[in-house]
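> No sequence on hand, only this structure:
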């Protein structure tokens, strides 16, 4: 009898693979910081070879080191920004759903306000206003990504409020905060974790986007957005490797985060746990 | 399935090649007396073709084409005549008298008189947002062909200013002049599609030699787009960068034009101090031995090979090859002497290979404008070369919003080069309110004095000697043996892909700015 691979095992496999890939990029990146900045004009414009798997650019920088370092910076920014966003989303979501009409109104208004402004525009505004650079990008991404998760959690809490066990808890005289933390939070946790993980790819793409447009990190840094915008100028001269490999790596990273989020959701969401 | 793909691909290729031949055939038909030139998007005059708002007389100087100027600069940068028939300065240098031709008409048929000249200059003085006209008190038309400039202070290099200010018609000048310029120059502006192109047509009533090129189209685009346009055969002259210079395009040759478009770094020449919340000066570069060591410790030829693919010349001053350049500024690369200078001054190597003296580390941040990849490469190469001297350089890309302030305490990669000695003054002369030079802190009374004398001189040719002395008089100056507050790295050749058969007339040495300089003499270009 042919043994069928369990769906859960498969999911677990993808999850572990994604996590491994991302950890490898992060750790590799932190070691490659120096290498990524070295310029050496004796080795400029080399196409991919064994020594330089991603080739080198017009300053003779090793594109492999630059790409990995760039991604690790992106992931770092993603972690910072997504964590801040997620915490804000959780608090606001719970506040909005449990603290009465007034609080809910304010939070919903805030969400609409932030969502009403085009995402990239708000990001650029915040980033430039807070002095660009790493600080600007983290602030910008953190302050613009909490809305959708907040909305999700608020909706979830509103639903939970109608559940019998929550109503009973209120009737038994438990306070709002107690119910929110003891009875609601555990229910919200899977949603929250998945939402958090799914924020990463957004954060990373927005970080590269804003840097690509020239409003983010300054261009001596090995950031993925910078690599891509510089590559644009040299594509026309046939230096395809400058954009291709970093682009593929960026897509891979984003896919990994999605796989991670998706696998996590299926594994810990009660509704799909038995599939 | 596969077959359909191949068919589709073949059809696509055929269509593309047909389009290509169609376009180049069209271009060839027009080619007899028309020319299409590309320029960087930054060359498009934002405020239009009005000399008061930077057209010709702006940051990047060039001949205004549409308007006539009083004088011109010849290819050796001596002064020639355009509208002026003669000019002279009074003994004290405070009055310039210029006689102009009486046979010149604007393209609307009205004659050009001294009134128009006076109006143009007074208007520039009141409104110029880009150039400094504060030395002009008033321009007065004495009669129809004589104009007098009354100056607030002696300004011997006034003829260089007269070479870039286009004369506008008083009767047809209003706030929209920049969009619809009327002049008396070689060309008439026919059409301006903002953000795309400007079309010039030859002025049929031009008083000088009739232009050979009847129509000049200028397209504004980035270097990569210009390259693509040349590859598609759509333009006749495409500006390009050193990083594209190893490409060959069928039907085009690479033209390299010598320039004073120099790149250099400022080394703040005073110790760091806090002035109104801004750090001015730098403890490391404040030591003159350090500046001298850097000047001879940089191999400029290697840098030009590395960064510019060889399309450049070593620079030793802000005005190389110009009549007021002092050749004493030239230095030879000498690594050992540079090390010795540092050692003698007490900069000893520390444990990590970086030099130190009295707790000051031999290190600085080298800034560059983040939008400029050539300056970034120059900064990186400087960093690598100075590392061998035991100096630690960190590079950082900055925007112009913060660059000027930060350059007061940290070196920045600058680009300069103009057809006027005034630039030497702007860079090295002290300002009244701070007692230091404007862009990088430095002060020397003797240098100041030579430049003041040069401006007060009544004879332009004689004043060149004073400008040279300001650079080095045997004891004081801004060169290696002097205080060397700026290190000049290279002059960047301006590169163009030029269609075979197009004769670009002899170019005078190009100033800073890769734009309008090339078409200074477009009227003399011709097709074989």
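Thanks, I have the structure now. Computed from a predicted structure; not experimentally measured.
> Could you report the separation of residue B:273 from residue A:198?
The gap separating residue B:273 from residue A:198 is 52 Å, by CB to CB, to the nearest Å. C-betas here are computed from N, CA, C, even on glycine.
> swap that for residue A:61, sorry
The value you get for residue A:61 to residue A:198, if CB to CB is used, is 33 Å.
> ok, these two, which is more surrounded?
residue A:61 (24 against 19; other CB atoms under 10 Å in any protein chain shown).
> from chain A, which residue is nearest to chain B?
Of all residues in chain A, residue A:41 sits closest to chain B, at 3.6 Å by CB to the nearest CB.
> sec struct for residue B:216, please.
strand (DSSP: H, G, I helix; E, B strand; the rest coil).
> Show the model's pLDDT score for residue 1.
I went with chain A, as the question did not name one. Per-residue pLDDT puts residue A:1 at 50.
> that's the other chain; I wanted chain B
So, for residue B:1, pLDDT stands at 42.
> give me the number of residues near the residue in the stretch 1-150 of chain B positioned nearest to chain A?
The nearest approach of the stretch 1-150 of chain B to chain A comes at residue B:40, 13.0 Å away (CB to the nearest CB). Here the number of neighbours of residue B:40 (other CB under 10 Å) works out to 16.
> Can you give me the domain assignment for chain B?
Annotated domains of chain B cover B:1-49+B:185-259+B:493-528, B:67-181, B:262-491 [automatic domain parsing].
> In a helix, residue B:522, correct?
Yes - in this structure, residue B:522 lies within a helix as judged by three-state DSSP.
> ok, so what distance separates it from residue B:178?
In terms of CB to CB, residue B:522 sits 21 Å off from residue B:178.
> hmm, back to that, ok, the closest residue to the residue of chain A closest to chain B other than its chain neighbours - contacts?
Nearest residue to residue A:41, sequence neighbours excluded (CB to CB, 6 or more residues apart in numbering or on different chains): residue B:306, at 3.6 Å. Shown in contact with residue B:306 (CB atoms under 8 Å, 6 or more residues apart in numbering or on different chains): A:41, A:44, B:377, B:381.
> so the third one sits right up against residue A:61, yeah?
To tie it back to what came earlier, the one meant is residue B:377. No - the criterion here is CB atoms under 8 Å, and residue B:377 misses it with residue A:61 at 10.7 Å.
> Overlap in contacts, the two.
With CB under 8 Å, 6+ apart as the test, residue B:377 and residue A:61 both reach residue A:39.
> Could I get the full set of helices for chain B?
B:2-30, B:114-127, B:158-162, B:223-231, B:288-297, B:300-308, B:335-344, B:373-388, B:400-406, B:422-428, B:445-456, B:460-471 (DSSP state H).
> which one of the ones you listed has the lowest average pLDDT?
Taking the mean pLDDT of these, helix B:2-30 comes last: a mean of 48.
> which non-adjacent residue is nearest whichever residue of the stretch 151-300 of chain B sits closest to chain A?
For the stretch 151-300 of chain B and chain A, the shortest gap (CB to the nearest CB) falls at residue B:224, measuring 4.7 Å. Nearest residue to residue B:224 in three dimensions, chain neighbours excluded: residue A:236, at 4.7 Å (CB to CB, 6+ apart).
> For residue A:46, the count of nearby residues, please.
16.
> how close does it sit to residue B:138?
Counting by CB to CB - residue A:46 and residue B:138 are separated by 63 Å.
> ditto for residue A:176
79 Å.
> Repeat that for residue B:325.
Taking CB to CB, one finds residue B:325 at 33 Å from residue B:138.
> neighbour count winner among the two?
residue B:325 (21 against 13).
> what does the stretch 101-250 of chain A put close to chain B?
For the stretch 101-250 of chain A, the contact set with chain B under CB under 8 Å from any CB of the partner chain comprises A:214, A:218-220, A:230, A:232-237.
> ok, so of those, who is nearest residue A:134?
Of all those, the one with the least separation from residue A:134 (CB to CB) is residue A:218, at 9.3 Å.
> residues touching that closest one, list them.
When contacts are taken as CB under 8 Å, 6+ apart, residue A:218 is in contact with A:132-133, B:370, B:396-398.
> wait, isn't residue B:412 in contact with residue B:406?
Yes - contact criterion CB under 8 Å: residue B:412 and residue B:406 qualify, at 7.1 Å.
> okay, and the common contacts of these two?
B:367, B:398.
> So for the two, which sits in the more crowded spot?
Taking other CB under 10 Å, residue B:412 and residue B:406 do not tie; residue B:412 has more neighbours (24 against 16).
> Could you report the separation of that one from residue B:315?
16 Å.
> Same question for residue A:173.
Residue A:173 is 84 Å from residue B:315, by CB to CB.
> More neighbours: the two, which one.
Applying other CB under 10 Å to residue A:173 and residue B:315 shows that residue B:315 carries more neighbours, namely 27 against 7.
> Which pLDDT value goes with that one?
With respect to pLDDT, residue B:315 has a value of 95.
> Would you mind measuring from the residue nearest to residue B:180 when sequence neighbours are not counted to residue B:64?
Leaving aside its sequence neighbours, residue B:180 sits nearest to residue B:189 (CB to CB, 6+ apart; 7.9 Å). From residue B:189 across to residue B:64, the span is 11 Å (CB to CB).
> and if you look at residue B:452?
In terms of CB to CB, residue B:452 sits 30 Å off from residue B:64.
> These two: who's more crowded?
Comparing residue B:452 with residue B:64 by neighbour count (other CB under 10 Å), the higher total belongs to residue B:64, at 28 against 16.
> Can you check what pLDDT the model gives that one?
Reported pLDDT for residue B:64: 91.
> now do residue B:31
What the model reports for residue B:31 is a pLDDT of 52.
> any idea which helix or strand of chain A has the worst average confidence?
helix A:176-179 (a mean of 82; mean pLDDT, DSSP states H and E).
> Show me which parts of that one are buried, residue by residue.
Neighbour-count burial for helix A:176-179, counted by 16 or more other CB atoms under 10 Å in any protein chain shown, picks out residue A:179.
> just stretch B:246-253 next, same as before
For stretch B:246-253, by 16+ other CB under 10 Å, it's B:247, B:249, B:252.
> dump the residue contacts of the spatially most central residue of chain A.
Centroid check for chain A by CA atoms, centre = their mean gives residue A:200 as the closest residue, at 1.1 Å. With contact set as CB under 8 Å, 6+ apart, residue A:200 has these partners: A:75, A:78-79, A:82, A:257, A:261.
> Try it again at 6 Å.
Residues near residue A:200 by CB atoms under 6 Å, 6 or more residues apart in numbering or on different chains: A:78, A:82, A:257.
> Cross-check those against chain B and keep the overlap.
Residues of the contacts of residue A:200 in contact with chain B (CB under 6 Å from any CB of the partner chain): none.
> how about these in JSON lines, adding neighbour count, distance to residue B:458 and pLDDT?
Output for the contacts of residue A:200, formatted as JSON lines (neighbours: other CB atoms under 10 Å in any protein chain shown; distance: CB to CB, whole Å; pLDDT from 0 to 100):
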{"residue": "A:78", "neighbour count": "27", "distance to residue B:458": "69", "pLDDT": "85"}
{"residue": "A:82", "neighbour count": "28", "distance to residue B:458": "72", "pLDDT": "83"}
{"residue": "A:257", "neighbour count": "24", "distance to residue B:458": "75", "pLDDT": "88"}
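> Alright, calling it a day.
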